[in-house]
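Engineer: Need coordinates for the following:
(chains A and B)
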2 protein chains.
Amino acid sequence: MKKGSKRDPARIEKRFVYPFSKGKAAGSKDDKNLLGGKGANLAEMCRLGLPVPPGFTISTEVCSWYYEHGEKYPPGLEKSVANSIALLEKELGRGFADPENPLLVSVRSGARVSMPGMMDTVLNLGLNDKTVQGLIRRSNNERFAWDAYRRFIQMYGDVVLEIKAEEGEEFDPFATALETLKKRSGVESDTELSSEDLRGLVKEFKRIVKKRSGKPFPEDPKAQLWGAIGAVFGSWNNQRAIAYRRMNQIPGNWGTAVNVQAMVFGNTGEDSGTGVAFTRNPATGEKHFYGEFLMNAQGEDVVAGIRTPQPIDRLENHAPRCWKELIRIQRLLERHYRDMQDLEFTIENGKLFMLQTRAGKRTGFAAVRIAVEMVKERLISKEDALLRVDPESLNQLLQPIFSPADLKHARSQGRALTRGLNAGPGAATGRIAFSAPRAEEYAAAGERVILVRIETSPEDIRGMQASSGILTARGGMTSHAALVARQMGKVCVAGADELEIDYKNRRMKVAGRTFKEGDDLSLDGTTGEVLEGNLPTQPSEVISVLFGKAKRKKKSGVFDAFEKLMKWSDSHRTMAVRTNADQPDQCRTAIALGAEGIGLCRTEHMFFEGRKIDAVREMILAETQEERERALAKLLPLQRKDFEGIFKAMEGRPVTIRTLDPPLHEFLPHEGKDVRKLAKTMGITPGRLHAKIESLAELNPMLGHRGCRLGIVYPEITRMQARAIFEAACNVAKRVPGKKKPRPEIMIPLVSTVEELRLQAKEVRAVAEEVFAKKKQSLPYLVGTMIELPRAALTAAEIALEAEFFSFGTNDLTQTTFGISRDDAGKFIPLYVEKEIYKADPFSQLDRAGTGRLMKIATEDGRQARPDIKLGICGEHGGDPSSVEFCHQLGLSYVSCSPYRLPIARLAAAQAALR
Amino acid sequence: MKKGSKRDPARIEKRFVYPFSKGKAAGSKDDKNLLGGKGANLAEMCRLGLPVPPGFTISTEVCSWYYEHGEKYPPGLEKSVANSIALLEKELGRGFADPENPLLVSVRSGARVSMPGMMDTVLNLGLNDKTVQGLIRRSNNERFAWDAYRRFIQMYGDVVLEIKAEEGEEFDPFATALETLKKRSGVESDTELSSEDLRGLVKEFKRIVKKRSGKPFPEDPKAQLWGAIGAVFGSWNNQRAIAYRRMNQIPGNWGTAVNVQAMVFGNTGEDSGTGVAFTRNPATGEKHFYGEFLMNAQGEDVVAGIRTPQPIDRLENHAPRCWKELIRIQRLLERHYRDMQDLEFTIENGKLFMLQTRAGKRTGFAAVRIAVEMVKERLISKEDALLRVDPESLNQLLQPIFSPADLKHARSQGRALTRGLNAGPGAATGRIAFSAPRAEEYAAAGERVILVRIETSPEDIRGMQASSGILTARGGMTSHAALVARQMGKVCVAGADELEIDYKNRRMKVAGRTFKEGDDLSLDGTTGEVLEGNLPTQPSEVISVLFGKAKRKKKSGVFDAFEKLMKWSDSHRTMAVRTNADQPDQCRTAIALGAEGIGLCRTEHMFFEGRKIDAVREMILAETQEERERALAKLLPLQRKDFEGIFKAMEGRPVTIRTLDPPLHEFLPHEGKDVRKLAKTMGITPGRLHAKIESLAELNPMLGHRGCRLGIVYPEITRMQARAIFEAACNVAKRVPGKKKPRPEIMIPLVSTVEELRLQAKEVRAVAEEVFAKKKQSLPYLVGTMIELPRAALTAAEIALEAEFFSFGTNDLTQTTFGISRDDAGKFIPLYVEKEIYKADPFSQLDRAGTGRLMKIATEDGRQARPDIKLGICGEHGGDPSSVEFCHQLGLSYVSCSPYRLPIARLAAAQAALR
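Structural biologist: Down below sits the predicted model:
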């Protein structure tokens, strides 16, 4: 544990406050537990001799003491604070409440981690009717002083006195008063208000405080200070903060620190200013000082965007001495912290002050590049680099994109229509198609397509493949559309429920506008935004290089950095990574992205290709076993060919093939025209076909006649699939060398009891023996099962006796554990996540307490029954970093995910191994 | 452990076979483990001095030894068997293989418990071409002897040599040969074949044996005997027996015994005969000797029904001496075994032989009556009586019935149409209605109705209430139809999938016939049979007396016995029993049947009554919270009135009320006409209403926006329901004395995470405080949750912190644990049960390994977090005896079931406590 993280009862008596000023500080960056993040970094900067406005931090221990003692301050705190203020007064030559040369301070909260809901900031504390005169005199700027004063009252009234908008009020009373004043003065912007106006506003604000709080505004700076300190401590236990802590497992006894710091002003004249900067480019990761500033302005002004800030390098022209110092400081800070820093600074009358430093947020591109380059620069180790990059952010490197400028422009033109779930990241643009055949038609004509459906089904697969992007009105993050889109690497916006799609008239309404089929639409799958018209997209650099469609751009260096990071990941991770794929081209993509095998090949995805669907439908509609066998005989050579393609593409890597899983109903046509056509092909009446289709309909297909239940009722289907697999494997094996010989692993889905697996495994093994005998060739293979139902996990000890491997099907396992249909969850999951009822969407991030506990039971019981059992995961969670970490903790052999999530899984697996 | 149940290695050397003959036997009835059930009872009868054909039993230990030693017999067995045969020869003065006076034996298997799949019986062993002549001479009946011989070869060929029908053959070759012979001889029945024919058949059968087995039929009786012994042992480990043992947790090392017994023949002439009898009436339980016999016949003939057997008391006329002896024996056996016995006897040439005695199977009526009367007779204790009655059989006492004679008659007329699941026992008859309104219409006109639906939904509730019976084409044992029917005590046949129901033309096709609405139909809910036309029904005696509609019939005594058994049950059980009810009249029924509270009151069942449905629909279709609140305000007084009725009826017993649970879609109209009507009422266009209804449709409603997810998204619904409950409770409390004051327990459904419960409980408690303050009255109440999702069970430790009680909703818990929709399970569950993939339908009998393990986790974790947590079950399993036993083992406080299953639950709970 780090210094200060443990409470020392003796010490608390001695020390409540930790002063910092240039060159010396009682704390350091390692004291985050004691001083909070902000306080620790302020102290550290002081120790480094950087120009930081002096101040002090009231430690988190005081906050803990406060709550442990019925919300009282520890005896002696008051004196310590008074001493610290006195020290500040002495250092700065100013006086708290001194009307001639007043000391003004800021008060900020600062917990170990930033926490929404906590009190943020009170600036300009120390102003009152007397000291404002001193500020006027000192700054020689009356308007500035009154503006500072009215801002102080407003901030203090809001966060300390909690004067908010009451029921029936649109704004809080301060804002209302300000608006009234602006109207009366006939001005549009706050900046146009005169010094006189602002003085009047101060008066009005004080009236509001008295009316709403029942007490006059505190004129005494000491009272102001204690009010602010109390507000910070109080906000630690407000509801929002408690809820946030509960969700993020932050202990309630950590407490928050309070930072009290002398004010500096960037808005006192043309030799003052303020800015924010990054030590490297946070968008690209390029190593150059990056940021912006405004002269004669406060931090707020930069954010508010009233004036356009200037690029940081122009600061040289305005304040060359400060610029030089800033350059030195940013270099120092980055080397010191060994990470890219996000800095805030203020220049007051030509003097530079550092107000903040912290690790800077960055894009995925920047994260990868910075991490890899810092290793090259020997700033950090490879392990550090691996742990620095958020695996999820790698997604950005793989997806085509809209340029931010184009997006901004389109929004400003009102072309942003609605927003859905950002189910498949990247950017896509094209013509609207309301059906899969239409999408194929457009694509065949060389046009880019956005497939727009209420929801998608396996019938739409070819249409989805033909489209650049998929947009649905219904369905969640793991709906059919989202799942298939990610596997295909397609852009997808799912569950955009404001869309009103009218298939009949081939029209869609949204945002008051109507779109016809063929109209242009753009999807930003990274944000979930839907935009009118055609926005230009650009392919990701990494993908272009990876698939040999572009050369490495030396300039951006993204690909090199990506490649290096992946190499390091692979050498650190202990879990294998596989992919979910069911087409040879997907296999090749996946191998390029690092796949070491297939974890899930869904045989039914192949069913919609070419002539296969006819045979599939015949099989489903067969009335007798003979009819069914006849249809299966037609299907056999087609499936065999599919598997040959996959085995060839995978070149000896293991291939886990799941036997038929979805409800048969999914394969049947549902529209009158299609039914009539199929009936004609099959030589039966449309009425009879319709009746059969109806009879296959289910109330809850997800919990219906699917998975191995199909194979149990129609074992001939399982036998055909097994035959296709083993014949394909033998055929390929004959033509390739030993290391590339196929390694099939047959997976029985939706098992709830060992007996199901026993029966299905028997069929598979019998076929294998038969094929091997006939082909005079034997290949090693495994038979195992998905663990995707709670009962399978709960009876894993029995199931393991029959299963050579388990693969956790966490999509279905999450559905049944939570009792939630992915396809219907859109109605409440967003609210659940928003209200923090779920910490995260359990379909995106594996729920460890529920689904995870079942996995743990299955892992332990399964291993006890069969110590060498192979364990993997093939649900969508296999590509989610937190879930990958959990799988590592369980000791799984591999994770499997869609091809485009492989880099994420590789990095996440490496991180899990490192942690 | 009983004598002989433990293997003694020393003893096995000494004793392999246990001879029995009149007056003496090496074993007794307590040796079931060693000698099997049949062998032990034969030995016991011998020890009692009863006339049993002598024989011997090869013990189960030999079988175990056989399998432990690579399928070899223990050394010395052969000699022991030879000695036993020699003893038999000596006792009977006949010789094995003696052509003059041959000894013939039967060989039967006999495990501890009877086991399907094991070899059953070989009769007439010892016959060959020589000994058949001896039999002819001894019996003086050539045809009899040849018939015995050909039967022996046929039986031996089938069960020992395993000569069966091969692929492409319709019958086994013996049956085919017999048919060919009959055709050639121009006769219809076996009995018309001549002695000559039969001799020829023996020749032909031997030819078949040689051809099919490759060896000649064994002429040596010793070889025959060892073949049969080997077949019995072999059958212990055939697949069907193994599967049965696995499903029934019978250890494989128990082994089977082999019984070898001298043959006696009831078909040697008019002073011979055979019969079966019960010591009491197995249908009514009346204490009189009951059975039937045939003179000059074999056991087979009684079963085959070629000749009509005579009632047992006429035996006095045919064989007065035997009759007298039989009467003495049956009395002796019943007193000795202290249970009603099922006897088999044969009279050979005027001499009575006992072939079998065992506990007799009986109807529920008989079981109750016999158990209670045997206590009165001091034969057994009250505890014995409670353990003797199968709780499930009590159902028969409560349901109206068809008389067996009427059923038989209807079947013989070809009026039996099809069979579905026997979902709601009893008998019902009435006119077909294809919709709920039509059912109500018929009922209003005073007619009895059978509601026929593809499946039912809450919309049909009033129609179901109006009907005598419910028939559905889809759905399983716990489908909506089955569940509601049982709760209402209605007859129900569910999932009769041969029905083709055509709502549009109001017609139904089945068994090639077409039925119109209004046609008469009869349902036997006890067997699942559907019959054409109107069969007379009779109300159950118990129900008639219980509800004061009839006096106790002294003659049958069923009610008195039932009442006594229930009283004993109540004094022995430790779990309380509650009921699932949501109408005052159901409450009163349930109290009469023993309910001690309501375990599940489904608020939504009330929604379909009268004006309520309009307000419900308004609430659902509301576009804003205000609109919704307006609709809820209309609903409030209606719901309050419902609850007042229930609280009044329950007279201070606890009432667990579940807040709104089902998907809202269920409450909306779906047919065009209804939609237009509702749209008009609501003042919106049918188009808009239709769109809204569509938008509420879900792909998997069972896993959709339902349960507490409704209350989370629309907390105003929960608040309205809570208000209705607490206001009703206060209103009732004012008018009743202390002990009868309402005790509401509010139950939040479908919780998957503690946060949901926390939010909903907060709403409920806030309303309670408000109502109590307003009404100036406070009542104790509880807030708890259903545990009906795996995740709730897995996180019970957290949930228990917010829940004052758990109620296991095992219907939904089973659905999610298995991943099976009750409504769609009909397509595979019957096959699963038939193939023994599931030991039992998990929706009928709680699955202990899966669903049960979750319950155990929840019980343990929940109790650890809150030691005084109240635990109950309110799924349909609460009325299933095996499930009740499991709940007792978990230590639940109560089980709750539909009113008509309360007696079953009471008895099952008593049995669980006694075990």
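Engineer: C-alpha from now on. contacts and neighbour counts both.
Structural biologist: Noted.
Engineer: Looks to me like A:Asn267 is in a strand.
Structural biologist: No - with DSSP: H, G, I helix; E, B strand; the rest coil as the criterion, A:Asn267 is located in coil rather than a strand.
Engineer: contacting residues for it?
Structural biologist: Counting by CA atoms under 8 Å, 6 or more residues apart in numbering or on different chains, A:Asn267 touches A:Phe144, A:Gly273, A:Met295, A:Asn296, A:Ala297, A:Gln298, A:Glu348.
Engineer: List the residue ranges of the stretch 101-250 of chain A that fall below the pLDDT cut-off.
Structural biologist: Across the stretch 101-250 of chain A, the ranges flagged by pLDDT under 70 are A:116-117, A:243-244, A:246-249.
Engineer: residue boundaries of the helices in it?
Structural biologist: A:131-139, A:142-159, A:173-185, A:195-213, A:221-236, A:239-247 (DSSP state H, counting those that start in this stretch).
Engineer: For chain B, what's the nearest residue on the stretch 51-200 of chain A?
Structural biologist: In the stretch 51-200 of chain A, the residue found nearest to chain B is A:Gly168; the distance is 16.1 Å by CA to the nearest CA.
Engineer: List the contacts of that residue.
Structural biologist: By CA under 8 Å, 6+ apart, the contact set of A:Gly168 is empty.
Engineer: Regarding the nearest residue to A:His288 once chain neighbours are set aside, what is its secondary structure?
Structural biologist: Ranked by CA to CA, 6 or more residues apart in numbering or on different chains and with sequence neighbours excluded, the top spatial neighbour of A:His288 is A:Arg280, at 5.0 Å. Secondary structure, three-state DSSP: A:Arg280 is coil.
Engineer: what about A:Arg280, distance to chain B?
Structural biologist: Separation of A:Arg280 from chain B (CA to the nearest CA, to the nearest Å) stands at 42 Å.
Engineer: Could you tell me how many residues sit around A:Ala679?
Structural biologist: Neighbourhood size, A:Ala679 [other CA atoms under 10 Å in any protein chain shown]: 17.
Engineer: per-residue confidence averaged over the helix or strand where it lies?
Structural biologist: Following DSSP states H and E, one finds A:Ala679 within helix A:672-682. What helix A:672-682 shows for mean pLDDT is 83.
Engineer: Nearest to chain B within the stretch 551-700 of chain A, name that residue for me.
Structural biologist: Of all residues in the stretch 551-700 of chain A, the one sitting closest to chain B is A:Asn700 (4.4 Å; CA to the nearest CA).
Engineer: Give me the phi and psi for that residue.
Structural biologist: Backbone torsions of A:Asn700, given as degrees, to the nearest 10, read phi -130, psi 80.
Engineer: nearest residue to it other than its sequence neighbours?
Structural biologist: B:Asn700 (4.4 Å).
Engineer: pLDDT value on the one you found, please?
Structural biologist: Reported pLDDT for B:Asn700: 92.
Engineer: That one touches A:Leu699, doesn't it?
Structural biologist: Yes - if you go by CA atoms under 8 Å, B:Asn700 and A:Leu699 touch, sitting 6.6 Å apart.
Engineer: More neighbours: which of the two?
Structural biologist: When neighbours are counted by other CA under 10 Å, B:Asn700 and A:Leu699 differ, and B:Asn700 comes out ahead with 22 against 17.
Engineer: who touches the more buried one in this structure?
Structural biologist: Per CA under 8 Å, 6+ apart, neighbours of B:Asn700: A:Leu699, A:Asn700, A:Pro701, A:Met702, A:Ser821, A:Asp823, A:Asp824.
Engineer: Spell out which residues belonging to chain A are near chain B, please.
Structural biologist: A:698-705, A:709, A:713, A:752-753, A:755-756, A:789-792, A:794-795, A:815-821, A:823-825, A:827-828, A:831, A:837-838, A:849-851, A:853 (CA under 8 Å from any CA of the partner chain).
Engineer: run the last query once more with 7 Å
Structural biologist: A:698-705, A:709, A:713, A:752, A:755-756, A:789-791, A:794-795, A:816-821, A:823-825, A:827-828, A:837, A:849-850 (CA under 7 Å from any CA of the partner chain).
Engineer: Make a ChimeraX selection of the buried ones in those.
Structural biologist: With 16 or more other CA atoms under 10 Å in any protein chain shown as the criterion, this ChimeraX line picks the buried residues out of the residues of chain A next to chain B:
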select /A:698,699,700,701,702,703,704,705,709,752,755,756,789,790,791,794,795,816,817,818,819,820,821,823,824,825,827,828,837,850
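Engineer: neighbours of A:Thr274, just the number please.
Structural biologist: 28.
Engineer: picking up where we left off before, for the residue of the stretch 51-200 of chain A closest to chain B, phi and psi?
Structural biologist: In terms of degrees, to the nearest 10, the main-chain angles of A:Gly168 are phi 90, psi -20.
Engineer: Same question for A:Thr60.
Structural biologist: Here is the backbone geometry of A:Thr60 (degrees, to the nearest 10): phi -60, psi -30.
Engineer: can you check A:Ser403 too?
Structural biologist: For A:Ser403, the backbone dihedrals are phi -80, psi 140 (criterion: degrees, to the nearest 10).
Engineer: quick revisit: what's the separation between the residue nearest to A:Asn700 and B:Asn395?
Structural biologist: With distances taken as CA to CA, to the nearest Å, B:Asn700 is found 34 Å from B:Asn395.
Engineer: Also A:Gly55?
Structural biologist: Using CA to CA, A:Gly55 is found at 83 Å from B:Asn395.
Engineer: thought A:Asn33 was touching A:Arg112?
Structural biologist: Yes - with contact defined as CA atoms under 7 Å, A:Asn33 counts as touching A:Arg112 (5.6 Å).
Engineer: of those two, who's got more company?
Structural biologist: The neighbour count for A:Asn33 versus A:Arg112, taken as other CA under 10 Å, is higher for A:Asn33 (26 against 21).
Engineer: Can you point out the helix or strand that includes the residue lying closest to A:His888 once chain neighbours are set aside?
Structural biologist: Of all residues not flanking A:His888 in the chain, A:Ala912 sits nearest, at 6.3 Å (CA to CA, 6+ apart). Element membership of A:Ala912 [criterion: DSSP H and E] is helix A:902-914.
Engineer: for that helix, packing partners?
Structural biologist: In this structure, helix A:902-914 packs against helix A:558-572, helix A:881-890, with contacts taken as 3 or more CA pairs under 7 Å, 6 or more residues apart in numbering or on different chains; DSSP states H and E.
Engineer: so of the ones you listed, which one's packed in deepest?
Structural biologist: helix A:881-890 (a mean of 22; mean count of other CA atoms under 10 Å in any protein chain shown).
Engineer: what about A:Glu756, which SS state?
Structural biologist: Under three-state DSSP, A:Glu756 falls in the helix class.
Engineer: For it, which non-adjacent residue is closest in space?
Structural biologist: Spatial nearest neighbour of A:Glu756, chain neighbours left out: B:Ile837 (6.4 Å); criterion: CA to CA, 6+ apart.
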